[in-house]
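Trainee: Sequence first, predicted coordinates after that:
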Amino acid sequence: QVQLVESGGGLVQAGGSLRLSCAASGFTFSNHNMGWFRQAPGKEREFVGADTWSGGQKVYADSVKGRFAISRDNAKKTVYLQMSSLKPEDTAVYYCAAGGWGTERTNYAYWGQGTQVTVSS
């Protein structure tokens, strides 16, 4: 079955960096677009960014544009979210998603369990 496992979260000071990973299994990773979302306490899950199966098109939320970057390694069946210049408002549980495309969470069929990112001021 489809499985997405995020890792790499943690506590970081404002201005710092983290790289999240999402290891995929149970489907042909290289044929699928991948997305990243986040959910802060008391808020809706929101779009962060997405990458097409070929890596040829990437889209980002305005709030992270220029600070976050998505990449993928099809041989390792892993998608990454490199986060830089982190701000306290980036604090959230970060999820990767597959089986869809776009900025709406309802577009995606498969989700990981999430990894916590906490940015201290």
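Mentor: Done, it's in. Source: prediction; values computed, not measured.
Trainee: wait, what's in contact with the spatially most central residue of the chain?
Mentor: The residue lying closest to the centre of the chain (CA atoms, centre = their mean) is residue 36, at 2.8 Å. With CB atoms under 8 Å, 6 or more residues apart in numbering as the criterion, the residues that contact residue 36 are 20, 22, 47-50, 70, 79, 81, 94-97. Quick note: C-beta positions are derived from backbone N, CA and C, even for glycine.
Trainee: Mind giving me the ChimeraX command for buried ones among these?
Mentor: Only the buried entries of these go into this ChimeraX selection, using 16 or more other CB atoms under 10 Å:
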select :20,22,47,48,49,50,70,79,81,94,95,96,97
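Trainee: Dump the contacts of residue 36 to TSV, plus distance to residue 110, secondary structure and pLDDT.
Mentor: Below are the contacts of residue 36 laid out as TSV (distance: CB to CB, whole Å; DSSP: H, G, I helix; E, B strand; the rest coil; pLDDT from 0 to 100):
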residue	distance to residue 110	secondary structure	pLDDT
20	17	strand	98
22	11	strand	98
47	16	strand	98
48	16	strand	98
49	17	strand	97
50	14	strand	96
70	17	strand	97
79	12	strand	97
81	17	strand	98
94	15	strand	98
95	10	strand	98
96	9	strand	98
97	6	strand	98
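Trainee: about what we covered before: distance of the residue nearest to the centre of the chain from residue 121?
Mentor: Taking CB to CB, to the nearest Å as the measure, residue 36 falls 23 Å from residue 121.
Trainee: Going along the chain, name the strands of this structure.
Mentor: Here the chain has its strands, by DSSP state E, at 3-7, 10-13, 18-25, 34-39, 46-51, 58-60, 68-73, 78-83, 92-98, 110-111, 115-120.
Trainee: quick one: strands adjacent to the fifth one?
Mentor: Here the strand partners of strand 46-51, with direction, are listed using DSSP bridges: strand 34-39 (antiparallel), strand 58-60 (antiparallel).
Trainee: Over to the first one?
Mentor: The sheet places strand 3-7 alongside strand 18-25 (antiparallel), with pairing taken from DSSP bridges.
Trainee: Report the inter-axis angle for the strand it pairs with versus strand 68-73.
Mentor: Here the directions of strand 18-25 and strand 68-73 differ by 40 degrees (axes from the mean of the first three to the mean of the last three CA atoms, to 10 degrees).
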